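In: structure of the sequence below:
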Amino acid sequence: MVRIIVDAEKCQGYGQCCFEAPEIFTLGDPPVTHPAEVDEALRDDAERAADACPLQAITVE
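Out: Alright, predicted model coming up:
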């Protein structure tokens, strides 16, 4: 499993992660919601979303 961490202090809800990985991230309240872990098959999508975040608020482990 791939662990996803979004720093709520940094996230401003720009939604770039939602465009890159809509199967993982959705806009909502808090600004971006996501599962804590996703299948290994979604690692590339999660990493692309993390790279797209303008505030670098997403960590993929």
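
In: contacts for stretch 52-61?
Out: Around stretch 52-61, the neighbours that count as contacts under C-beta atoms under 8 Å, 6 or more residues apart in numbering are 2-7, 10-12, 14, 16-17, 19-20, 43, 46-47, 49-50. (Each C-beta comes from the backbone N, C-alpha and C, glycine too.)

In: how about residue 34, phi and psi?
Out: Main-chain dihedrals, residue 34, degrees, to the nearest 10: phi -160, psi 160.

In: and the helices in this protein?
Out: 16-20, 43-52 (DSSP state H).

In: give the contact list for the closest residue to residue 38 other than its chain neighbours.
Out: Closest residue to residue 38 apart from its sequence neighbours, by C-beta to C-beta, 6 or more residues apart in numbering: residue 2 at 5.2 Å. With contact set as C-beta under 8 Å, 6+ apart, residue 2 has these partners: 37, 38, 39, 40, 42, 43, 46, 60, 61.

In: distance of the second one from residue 57?
Out: Pointing back at residue 38 there. Counting by C-beta to C-beta, to the nearest Å, the gap between residue 38 and residue 57 amounts to 17 Å.

In: about what we covered before: now, of the helices of the chain, which is deepest in the fold?
Out: When those are scored by mean count of other C-beta atoms under 10 Å, the highest mean neighbour count falls to helix 16-20 (a mean of 20).

In: show residues contacting it.
Out: Contacting residues not belonging to helix 16-20 are listed as 24-27, 32, 34, 45, 48-54, 58 [C-beta under 8 Å, 6+ apart].
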